[in-house]
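# just coords:
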């Protein structure tokens, strides 16, 4: 006889399998969370609406700053035209 032989590595195999099952569960849970997020159309639409509204505000602010002088000139021209029209009607 060759002496004491070690028993099969059953406990190590069981621990390895349990660890593999736990990793698989975590991976599956992450996959389910990702799929649920993709399927949550309301939340995705809300997020996109907030993003678009922010971009629109930025563009309006920028355009308002850029167009401030032309808008003031147009308002002054309109006011002048109204004043002249009123003045001409009173003269008649």
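Sure, I can see it. This one's a predicted model, so the numbers in the text were calculated from it and none came from an experiment.

# need the distance between the two termini of stretch 33-52.
26 Å (Cα to Cα, to the nearest Å).

# now that stretch: mean pLDDT?
Mean per-residue pLDDT for stretch 33-52: 86.

# give me the low-pLDDT residue ranges for the protein?
Of all residues in the chain, those with pLDDT under 70 make up the ranges 1-11, 67.

# in it, which residue is most central in space?
residue 47 (4.4 Å; Cα atoms, centre = their mean).

# contacting residues around that one?
Applying Cβ atoms under 8 Å, 6 or more residues apart in numbering to residue 47 gives no contacts. In this view, the C-beta of every residue, glycine as well, is placed from N, C-alpha and C.

# what helix or strand is it on?
Take DSSP states H and E as the rule and residue 47 turns out to sit in helix 41-91.

# distance from that helix to the middle of the chain?
27 Å (Cα atoms, centre = their mean, to the nearest Å).

# try stretch 22-36
Put simply, stretch 22-36 sits 23 Å off its chain's centre (Cα atoms, centre = their mean).

# equivalent analysis for stretch 27-37, please.
Chain-centre distance of stretch 27-37: 19 Å, with Cα atoms, centre = their mean.

# name the residues of it that come out as buried.
The neighbour-count check on stretch 27-37 (16 or more other Cβ atoms under 10 Å) flags nothing as buried.

# let's have the chain start at 302 instead
All set: I'll call the first residue 302, so the last point we hit is now stretch 328-338.

# outside of that stretch, which residues touch it?
residue 344.

# at 10 Å what do you get?
344, 345 (Cβ atoms under 10 Å, 6 or more residues apart in numbering).

# try stretch 354-363
Applying Cβ under 10 Å, 6+ apart, the set of residues contacting stretch 354-363 is empty.
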